[in-house]
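Peer 1: sequence below, structure please.
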Amino acid sequence: MSVALRTALALYPARYRRDRGDELAEVFADVTAGAGRLATAREAFDLAAYGLRMRTGLTDTALGGRLLAAGAPLLAGALVGLSVLPGIGDERAFRMGQAARSGLHAPWGELTGNLALLGLAVVPVLLALAAATGAWRAARTLGVVVALLAVVRLGDLAAGLWGSDGWDAWFFCYGATAVVPHLVGGAMVAAAPAALLDGRGRADRLLILAGAAAGFAVTRAQGGYSTRNLMDGWWPVALLLVPLVLLLFAARDRLLPAAVGLAVLPLTAAFSLFSLWEQVGGVWRLAPAALLVGATLLLAARLLAGGRRAGVPVL
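Peer 2: From the prediction side, this is the model:
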């Protein structure tokens, strides 16, 4: 058994590997017999990717995979709604204007970050267009690009804040609040099972428009992720808990409201947590409440799932 095959099979759950490992190895040997290195590597990658999907519950038959597929059009629209649009007036527009004006003439240390910043404005639009035309293979690839651009932008923020005086965690967290939605949203679009995304046509286009409206509304409510508009009181709590509660509908197999929660949560979680952290005065003061809410939601999900299996009309 080759190293590539052993590595791919190691990603499968142990029980599945015991039951089907020999069969998978035989199929792999038949498919790659006489194939070149590139074809063999591609087959090993596909085999490993499905094993990882099984590990994470993101196959096209598992609840997680079906939820991602239901939420993918909303996420595609929501990423467009995150763009810098007229009427928000946040400093992202200023930074983007600076990056556009400097172009390729920017200092080498700033060029990568500027390109990532501009890419996060352009690529989500291409992603939404691909999704609207049913080209989900391209849309999922563009989701990977969005997530990678977000990683580059986060790295640029981290590098810029590491100076002679040490690490400034506050400014990094502030800058990251506008980038994390692209990272998480792009990754979730990329992870959606391809088999469940094709052939939905008009329904997907309506969901993309709804996602874009939701993304713009959330961005406007949060003041464009600007500290000048940090939310006080119950606003950050509501924007954090409402999508989490909507996600509980997945336990009852009601995927549309759960998909709405899945699409909105990446847009609100980072900024809401940052705002709450500001209000309570530190992460350690916020941690007990976060653990309590997490435990309560987990218990509610288990009860709802148990009620569904037992036929109890919980919702």
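Peer 1: give me the distance between the residue lying farthest from the centre of the chain and residue 125.
Peer 2: Farthest-out residue of the chain from its mean C-alpha position, per C-alpha atoms, centre = their mean: residue 34, at 38.8 Å. As judged by C-beta to C-beta, to the nearest Å, residue 34 and residue 125 stand 43 Å apart. For glycine as for every other residue, the C-beta is placed from the backbone atoms N, C-alpha and C.
Peer 1: also residue 77?
Peer 2: Taking C-beta to C-beta, one finds residue 77 at 11 Å from residue 125.
Peer 1: who's more crowded, these two?
Peer 2: Between residue 77 and residue 125, residue 77 has the larger neighbour count (other C-beta atoms under 10 Å), namely 28 against 14.
Peer 1: secondary structure element for the residue lying closest to that one once chain neighbours are set aside?
Peer 2: Spatial nearest neighbour of residue 77, chain neighbours left out: residue 211 (2.6 Å); criterion: C-beta to C-beta, 6 or more residues apart in numbering. Using DSSP states H and E, residue 211 maps to helix 202-221.
Peer 1: so which elements touch that helix?
Peer 2: helix 63-81, helix 108-132, helix 235-247, helix 255-280 (3 or more C-beta pairs under 8 Å, 6 or more residues apart in numbering; DSSP states H and E).
Peer 1: next, format these as a markdown table and append mean pLDDT.
Peer 2: A markdown table is the format used below for the helices and strands packed on helix 202-221 (pLDDT from 0 to 100):
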| stretch | mean pLDDT |
| --- | --- |
| helix 63-81 | 91 |
| helix 108-132 | 84 |
| helix 235-247 | 87 |
| helix 255-280 | 86 |
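Peer 1: how about those, which one is nearest residue 14?
Peer 2: helix 63-81 (19.4 Å; C-beta to C-beta).
Peer 1: quick check: the residue nearest to residue 77 vs residue 201, distance?
Peer 2: 16 Å.
Peer 1: compare the two (neighbour count), which wins?
Peer 2: residue 211 (29 against 11).
Peer 1: how about that one, what does it touch?
Peer 2: Neighbour list for residue 211: 73, 74, 75, 76, 77, 78, 80, 81, 263 [criterion: C-beta atoms under 8 Å, 6 or more residues apart in numbering].
Peer 1: and which of the residues you listed is nearest residue 18?
Peer 2: residue 75 (35.9 Å).
Peer 1: how many neighbours does that closest one have?
Peer 2: Neighbour tally, residue 75, other C-beta under 10 Å: 33.
Peer 1: with residue 276 instead?
Peer 2: Count around residue 276 with other C-beta under 10 Å applied: 20.
Peer 1: re earlier: pLDDT wise, what is the residue nearest to residue 77 at?
Peer 2: If you check residue 211, the pLDDT there is 93.
Peer 1: could you do residue 251 as well?
Peer 2: On the pLDDT scale, residue 251 gets 82.
Peer 1: run a quick neighbour tally on it.
Peer 2: 20.
Peer 1: and if you look at residue 124?
Peer 2: By other C-beta under 10 Å, 30 other residues sit near residue 124.
Peer 1: which residues sit in contact with it?
Peer 2: By C-beta under 8 Å, 6+ apart, residue 124 lies in contact with 76, 79, 80, 82, 83, 142, 146, 182, 186.
Peer 1: tabulate these (JSON lines), appending distance to residue 217.
Peer 2: JSON lines is the format used below for these (distance: C-beta to C-beta, whole Å):
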{"residue": "76", "distance to residue 217": "16"}
{"residue": "79", "distance to residue 217": "14"}
{"residue": "80", "distance to residue 217": "13"}
{"residue": "82", "distance to residue 217": "11"}
{"residue": "83", "distance to residue 217": "13"}
{"residue": "142", "distance to residue 217": "23"}
{"residue": "146", "distance to residue 217": "20"}
{"residue": "182", "distance to residue 217": "17"}
{"residue": "186", "distance to residue 217": "20"}
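Peer 1: quick one: stretch 27-43 to chain centroid distance?
Peer 2: Distance of stretch 27-43 from the chain centroid (C-alpha atoms, centre = their mean, to the nearest Å) equals 32 Å.
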